[in-house]
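Novice: task: produce atomic coordinates for the following.
(one chain, ligands or ions: 1)
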Amino acid sequence: MITVRAPGKVILYGEHAVVYGEPALAMAINKYVYVTAKARDDGKININARDLRLAGISVTILENGEVVARTDYGAVISALSYVKRAIEVAMGYIDKKVGVDLMIQSEMPVGAGLGTSAAVAVATILAYIKELGYDIDKRELARLAWQVEKDVQGAASPTDTTMATFGGIMYVKPEGGNAIMEPVKPGANIPLIIGYTPRVSTTKDLVAMVRRRYEAMRDVIEPIIRSIGIITRKGKEALERGDLELMGILMNINHGLLDALGVSTRQLNEMVYAARNAGALGSKLTGAGGGGCMIAISDRIEVEKAIELIGGSVLRAGLDIEGARVLNPG
Ligand code: PMV
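Specialist: Below you'll find the predicted structure:
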């Protein structure tokens, strides 16, 4: 039996602008998806995902064969489609089809923009391959998991699967349809509080909405996107110096520009401002927006309480530096 964990991620700066060739800065967080694989000799694949959560709603399926909590079948089926494809891809890699019992648990809400689907794909592939006695290097693992995301979603950037595989902080530089990921060494520990609410729009819809605005008013939107690019470059430098104060100011500006692009929501804005008023060094929405997550640089309980008062759920997170890891080797 093998258990593997893979981290989620947040985007510190640069979402949406990265679609237009600007850089983004992503950070793996110490919140994980865990996948345990145990080979079976009857060729069956049994999946037990007791812990899939959608934006704070706890979903429990198939515990003793029963549904024991409110279940959003849409979310569960969508999460399971990543697992199914990941197993197929892993079987292809080792060129063997062996049945397994898989147990999947998540410390993060699914579908909130924290990269859980990528973490599920990475952890499932690695757990399956290891359980059957094979090895895989991380570059190959990231490539296979990215393939899973592309197969399930139709299109996907390699950001989430790279973060779930390698961990750390990565500077993402789009180059001719590809993304070059450059590891960044932080000059200080970055305390993050993540607030999340149910997501009302998908990443795909939000990217399309920004694209429509860009086409309709290029002279207005283009400078916003370029400004976000400048913020990301400065944010990377501030991070390398460990200048949390400047990082916070840049996050605040980044949030204002994302709001100007139309991807924030009233509740996200309220959470972002509540966090600042409670003493966070800076705060912004993270990921595609349209609900989902915000981040604040802070370790203060007051900030968590302020976010909860607005109706958000809270995760406290730090940096993950390991990426995907086998927890019980041999
Ligand atoms: O949905 P998320 O959290 O993975 O964020 C997507 C980030 C965007 O820049 C909006 C889209 C992209 O593919 O880079």
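Novice: number of nearby residues for residue 137?
Specialist: For residue 137, the count of nearby residues is 8 (other CB atoms under 10 Å). C-beta here means a position set from N, CA and C on the backbone, and glycine is covered the same way.
Novice: so residue 245 touches residue 281, yeah?
Specialist: Yes. Using CB atoms under 8 Å, residue 245 makes contact with residue 281 at a distance of 5.9 Å.
Novice: neighbour count winner among these two?
Specialist: More neighbours surround residue 281 than the other of residue 245 and residue 281, with 21 against 11 (other CB under 10 Å).
Novice: now the more buried one: how far from residue 312?
Specialist: Remark: distance between residue 281 and residue 312 (CB to CB, to the nearest Å) = 18 Å.
Novice: likewise residue 215?
Specialist: 33 Å.
Novice: kindly check the end-to-end length of stretch 282-292 for me.
Specialist: One end of stretch 282-292 sits 18 Å from the other (CA to CA, to the nearest Å).
Novice: secondary structure element for residue 183?
Specialist: Under the criterion of DSSP states H and E, residue 183 resides in strand 178-184.
Novice: any chance you could list what contacts that strand?
Specialist: Residues from elsewhere that reach strand 178-184 (CB atoms under 8 Å, 6 or more residues apart in numbering): 18, 25, 157-159, 162, 166, 168-174, 236, 239-240.
Novice: what does the protein put close to the ligand?
Specialist: 15, 16, 18, 19, 113, 157, 160, 203, 207, 287, 288 (CB under 6 Å from any ligand atom).
Novice: most neighbours, which of those residues?
Specialist: Most neighbours among the residues of the chain next to the ligand, by other CB under 10 Å: residue 15, with 30 neighbours.
Novice: need the per-residue pLDDT for it.
Specialist: Residue 15 is assigned a predicted lDDT (pLDDT) of 96.
Novice: looks to me like it is in a strand.
Specialist: No. Residue 15 sits outside any strand when classified using DSSP: H, G, I helix; E, B strand; the rest coil, being coil.
Novice: where does it fall, phi/psi-wise?
Specialist: In terms of degrees, to the nearest 10, the main-chain angles of residue 15 are phi -60, psi 150.
Novice: who's in contact with residue 28?
Specialist: Listed by CB under 8 Å, 6+ apart, the contact partners of residue 28 are 7-9, 163-164, 166-169, 319-321, 323.
Novice: and whichever strand or helix holds residue 92, what's its mean pLDDT?
Specialist: Residue 92 belongs to helix 73-94 when assigned by DSSP H and E. For helix 73-94, mean pLDDT rounds to 81.
Novice: helices or strands up against the helix or strand that that helix is followed by?
Specialist: Next helix or strand after helix 73-94 toward the C-terminus (DSSP H and E): strand 100-106. If you count contacts as 3 or more CB pairs under 8 Å, 6 or more residues apart in numbering; DSSP states H and E, strand 100-106 packs onto strand 24-39, strand 45-48, helix 73-94, helix 116-131.
Novice: pick the most deeply packed of these.
Specialist: Of all these, helix 116-131 carries the top mean neighbour count, a mean of 30, counting by mean count of other CB atoms under 10 Å.
Novice: what's stretch 261-269 in contact with?
Specialist: For stretch 261-269, using CB under 8 Å, 6+ apart, the contacting residues are 16, 197, 200, 206, 209-210, 213, 221, 224, 255, 258-259, 272, 285, 288-292, 294, 310-312.
Novice: which of these fall within helices?
Specialist: Among the contacts of stretch 261-269, the ones falling in helices (DSSP state H) are 206, 209, 210, 213, 221, 224, 255, 258, 259, 272.
Novice: burial measure for the nearest residue to the second one once chain neighbours are set aside, as a count.
Specialist: In this structure, residue 209 finds its nearest non-sequential neighbour in residue 262, 6.4 Å apart by CB to CB, 6 or more residues apart in numbering. Residues near residue 262, counting by other CB under 10 Å, number 16.
Novice: tell me how far residue 262 lies from the ligand.
Specialist: 12 Å (CB to the nearest ligand atom, to the nearest Å).
Novice: what's the pLDDT at that residue?
Specialist: 97.
Novice: again, but for residue 244
Specialist: pLDDT at residue 244 comes out at 98.
Novice: my guess is it contacts residue 297, does it?
Specialist: Yes. Here residue 244 lies in contact with residue 297, judged by CB under 8 Å, at a distance of 5.8 Å.
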